[in-house]
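A.B. asks: Model the following, please.
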Amino acid sequence: MANAPKSAGKESREKWGWWYANRFLFWRRLSQLSILAMFLSGPYFGVWILKGNYSGSLLLDTIPLSDPLITAESLAARHLPDALTLIGAAIIVLFYAVLGSKVFCGWVCPLNVVTDCAAWLRRKLGIRQTAKISRGLRYGILVLILLGSSVGGMLLWEWVNPVAALGRAFVFGFGATGWLLLVIFLF
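C.D. replies: Numbers count the residues shown, from 1 in each chain. Next up, the predicted model:
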């Protein structure tokens, strides 16, 4: 029988032990922290493993990695990205095609820690999620972002992209990003 949301994972922990029940969470957090450390090693220690941010970066000053959505926005806004950006976006799309589209969210994105903490707290406090958002809404938002970028001639999503904002906040300070994170946490 399934556990109540408040005691999610309890049965697995009792049967297999804490480590086995939480092994993927451990490795996901280690992956997220390692990638964040690779970004922060440059500004803080002068060792540039990943140069840039979560939107676009260079791995070891050689391999470009670019957010495919930002690249698509740039193309929609009629701004031709340079070759490295296009190659970087192709690398990420290929990576998603091989490993799955949720890999970034679960194993790379620093915002995942915030959303996981919020979900954990909601479970522990017995707060049920009442808003049901259609899974197809993401495609509608994608179309609106690309149309908005096309009409406005700018990268529309980057104005509110919480992943990019969080990455910048780790280097430059949190400021208004703290409010954005609070909204995401409470939502």
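A.B. asks: can you map out the helices along this protein?
C.D. replies: 10-16, 18-45, 68-76, 83-99, 103, 111-125, 137-152, 162-172, 177-186 (DSSP state H).
A.B. asks: Buried deepest among these, which one?
C.D. replies: helix 68-76 (a mean of 19; mean count of other CB atoms under 10 Å). Quick note: C-beta positions are derived from backbone N, CA and C, even for glycine.
A.B. asks: ok now that one, how far from the chain's centre?
C.D. replies: Per CA atoms, centre = their mean, to the nearest Å, the displacement of helix 68-76 from the mean C-alpha position of its chain is 17 Å.
A.B. asks: So for it, mean pLDDT?
C.D. replies: Mean pLDDT, helix 68-76: 93.
A.B. asks: Return that helix as PDB; C-alpha atoms alone will do.
C.D. replies: Extracted in PDB, the C-alpha atoms of helix 68-76 (Å, rounded to 0.1, in the frame of the first residue of the first chain):
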ATOM      1  CA  PRO A  68      18.500  25.400 -26.700                       C
ATOM      2  CA  LEU A  69      15.600  27.700 -25.700                       C
ATOM      3  CA  ILE A  70      17.800  30.800 -25.600                       C
ATOM      4  CA  THR A  71      19.200  29.800 -29.000                       C
ATOM      5  CA  ALA A  72      15.700  29.300 -30.400                       C
ATOM      6  CA  GLU A  73      14.600  32.700 -28.900                       C
ATOM      7  CA  SER A  74      17.600  34.300 -30.500                       C
ATOM      8  CA  LEU A  75      16.700  32.900 -33.900                       C
ATOM      9  CA  ALA A  76      13.100  33.900 -33.400                       C
END
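A.B. asks: and it with helix 162-172, angle?
C.D. replies: 110 degrees (axes from the mean of the first three to the mean of the last three CA atoms, to 10 degrees).
A.B. asks: Which elements pack onto helix 68-76?
C.D. replies: helix 83-99, helix 137-152 (3 or more CB pairs under 8 Å, 6 or more residues apart in numbering; DSSP states H and E).
A.B. asks: Ignoring the adjacent residues along the chain, who's closest to the residue nearest to the spatial centre of the chain?
C.D. replies: With distances taken as CA atoms, centre = their mean, the residue of the chain nearest its centroid is residue 109 (3.1 Å). Distances taken as CB to CB, 6 or more residues apart in numbering place residue 163 nearest to residue 109, at 5.8 Å, with adjacent residues excluded.
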